[in-house]
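**Q** This is a predicted model, with the sequence first.
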Amino acid sequence: MAEPTALVLGATGNTGSEVLRMVRAEGARPLAATRRPETAAAAGVADAVRFDWHDPAGHAAALRGVDRLYLVAPLGVAEPLPVVEPFLKAAVAQGVRRAVLLSSSAVDEADTGLGALHTLVRRTVPEWAVLRPSWFMQNFTGDHPVAQAIRGDGEIVTATGDGRVAFVDATDIAAVATRALLDDRPHTTEHVITGPEALGYAEAARIVAEVSGRPVRHTAVETGELVGRLRATGLPPEFAAFLAGLDEDIRHGAEDRTTDTVERVTGRPPRSFRAFAEAHRAAFVPPSAA
């Protein structure tokens, strides 16, 4: 029997890069979908294949020999269905039988937006799972505006007020994704994935300050002000409004919850925010001070 072959979209992202590693460790074959396979190969990424959401002519080659798909929607596209639907149907026609969609805990199945992909995957692919993770802990360490603020003036600005979020490590999300891709029995469900505790941004800032030894604080602003700030960073107006709206939902308690998904699916508990912060202490320090 041929080994499972999974095409991993978002292969250089927080979850995709971990899915690649974990699928390979399980003895299956992961293919890294990227617009620049030569660059990926030079960076040490094995089995990179060319993939661009907006170049359908190249999709058939990327899907050759693939039977599983880690599906990450095109970044920054408010209505991804017209782009994703023809690709997913082509994937099934070429032999893909299982797809695992990365969505968000803030997104329910709907007729529009990212929620429309929940329906698409469920109706199009014989075996499926939809991952709905809470906010990534990696937002505090990578290129996300929160991380840049921590390394800059130490001020995290949100419209979340005192609302709490069960931040989750992308490695835990990838571990759930890997099980959904490779388990003998398809999961055929939505997984809401959280960390072990819900924290407000003020409490998260305090933990980062304690771990890093640098002053870090949270400043709450109104939703309209946050939209303006996000637009000033270059985000399209619709996407800036979408992101600020998510903060407003948090302020009203939408993300104040935890689930047992990580432990139930992977057999181990999720990582705490403090443990994550301690493991990434250097990421909170400006490069010039490192």
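**A** Thanks, I have it.

**Q** the strands in the stretch 51-200 of the chain, which residues?
**A** Ranges of strands in the stretch 51-200 of the chain, per DSSP state E, counting those that start in this stretch, are 68-72, 98-102, 127-133, 155-158, 164-165, 189-193, 199-200.

**Q** So what's the gap between the fourth one and the chain middle?
**A** Pointing back at strand 155-158 there. 21 Å (CA atoms, centre = their mean, to the nearest Å).

**Q** and it, what other elements does it pack with?
**A** In terms of contacts (3 or more CB pairs under 8 Å, 6 or more residues apart in numbering; DSSP states H and E), strand 155-158 is packed against helix 145-151, helix 201-212, strand 217-220, helix 223-232. Every C-beta, even on glycine, is put in place using the N, C-alpha and C of the backbone.

**Q** One more pass at 6 Å, please.
**A** helix 145-151, helix 201-212, strand 217-220 (3 or more CB pairs under 6 Å, 6 or more residues apart in numbering; DSSP states H and E).

**Q** wait, which of the strands of the stretch 51-200 of the chain is closest to Leu120?
**A** strand 98-102 (8.5 Å; CB to CB).

**Q** mind exporting that closest one as CSV, just the C-alpha atoms?
**A** Extracted in CSV, the C-alpha atoms of strand 98-102 (Å, rounded to 0.1, in the frame of the first residue of the first chain):
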residue,chain,number,x,y,z
ARG,A,98,-9.4,13.7,2.8
ALA,A,99,-9.1,17.5,3.6
VAL,A,100,-8.4,19.2,6.9
LEU,A,101,-9.3,22.9,6.8
LEU,A,102,-7.7,25.5,9.0
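
**Q** can you give me the angle it makes with strand 189-193?
**A** Per axes from the mean of the first three to the mean of the last three CA atoms, to 10 degrees, the angle that strand 98-102 makes with strand 189-193 is 30 degrees.

**Q** in its sheet, what does strand 98-102 sit against?
**A** Using DSSP bridges, the strands paired with strand 98-102 are strand 68-72 (parallel), strand 127-133 (parallel).

**Q** residue boundaries of the helices in the stretch 1-150 of the chain?
**A** Counting by DSSP state H, counting those that start in this stretch, the stretch 1-150 of the chain has helices at residues 14-25, 37-42, 59-62, 81-93, 115-124, 145-151.

**Q** Okay, now the unreliable bits of the stretch 101-250 of the chain?
**A** Applying pLDDT under 70 to the stretch 101-250 of the chain flags no residue at all.

**Q** thinking again about what came up before, CSV for the helices and strands packed on strand 155-158, including distance to Arg50 and mean neighbour count?
**A** Listed next are the helices and strands packed on strand 155-158 as CSV, based on distance: least, CB to CB, whole Å; neighbours: other CB atoms under 10 Å:
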stretch, distance to Arg50, mean neighbour count
helix 145-151, 29, 19
helix 201-212, 38, 20
strand 217-220, 42, 17
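
**Q** Distance to Leu230 for the ones you listed - can I get that in CSV?
**A** Shown next, in CSV, are the helices and strands packed on strand 155-158 (distance: least, CB to CB, whole Å):
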stretch, distance to Leu230
helix 145-151, 8
helix 201-212, 16
strand 217-220, 15
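
**Q** which one of these lies closest to Asp169?
**A** Among the helices and strands packed on strand 155-158, the nearest to Asp169 by CB to CB is helix 201-212 (13.3 Å).

**Q** Show me what that closest one is packed against.
**A** strand 155-158, strand 217-220, helix 273-279.

**Q** ok, Thr171 to Gly142 distance?
**A** Counting by CB to CB, to the nearest Å, the gap from Thr171 to Gly142 is 13 Å.

**Q** In JSON lines, list the strands of the stretch 51-200 of the chain along with mean neighbour count and distance to Leu182.
**A** As requested, these are exported to JSON lines (neighbours: other CB atoms under 10 Å; distance: least, CB to CB, whole Å):
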{"stretch": "strand 68-72", "mean neighbour count": "26", "distance to Leu182": "8"}
{"stretch": "strand 98-102", "mean neighbour count": "26", "distance to Leu182": "9"}
{"stretch": "strand 127-133", "mean neighbour count": "24", "distance to Leu182": "11"}
{"stretch": "strand 155-158", "mean neighbour count": "20", "distance to Leu182": "36"}
{"stretch": "strand 164-165", "mean neighbour count": "24", "distance to Leu182": "29"}
{"stretch": "strand 189-193", "mean neighbour count": "19", "distance to Leu182": "15"}
{"stretch": "strand 199-200", "mean neighbour count": "20", "distance to Leu182": "32"}
